[in-house]
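1. Using only what follows, build the 3D model:
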Amino acid sequence: MPRKPLDADDPRRWMSFAKSDLKLARNGRMPGIRLEGLCYLAQQAAEKAIKAVLMHQNIHFPKIHHIQTLLGFLPKDFALPPSVREAVDLSDYAVEGRYPQNFEDVTGEEYLSALKKAGAVVRWAEKVLK
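-> Reported below is the predicted structural model:
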């Protein structure tokens, strides 16, 4: 019997996409693949994980991609680990990772940092959703 797909506003579906984006970001480093695109996927993973938490908390949010703004929708007393707060700079990759612009190429160190930050957000969101 075919499984019924999860609704688009189901936090589990958003987490599935977040984990998929993070996995692509982690495993995509190979010749010919730009680190900017992989950092964009890391940003997307963090963004989708935060949106899953917001949905889980029944908090409505606009269609935005700015991580700090999204985190700002959480209640002031909501426990945010420092590692999640550090992920706010991933928002820079929401544009830089998708389009050739006047910016310096992403370094390997910046890429690894983006993966670490996105991974921390995804792990935090998984704990919140349990």
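2. For the residue nearest the centre of the chain, give me the pLDDT.
-> Among the residues of the chain, the one closest to the centroid is A46, at 1.5 Å (CA atoms, centre = their mean). As predicted, A46 sits at a pLDDT of 98.
3. State the distance from it to P31.
-> According to CB to CB, to the nearest Å, A46 and P31 sit 26 Å apart. Quick note: C-beta positions are derived from backbone N, CA and C, even for glycine.
4. same thing with I67?
-> Applying CB to CB, the value for I67 to P31 is 30 Å.
5. of those two, who's got more company?
-> Neighbour count, other CB atoms under 10 Å: between I67 and P31, I67 has more, with 25 against 4.
6. so what's that one up against?
-> 43, 46-47, 50, 87-88, 90-91 (CB atoms under 8 Å, 6 or more residues apart in numbering).
7. packing partners for the helix or strand of the chain with the lowest mean pLDDT?
-> Lowest on mean pLDDT, DSSP states H and E among the helices and strands of the chain sits helix 93-96, with a mean of 81. Contacts defined by 3 or more CB pairs under 8 Å, 6 or more residues apart in numbering; DSSP states H and E place helix 93-96 against helix 35-56.
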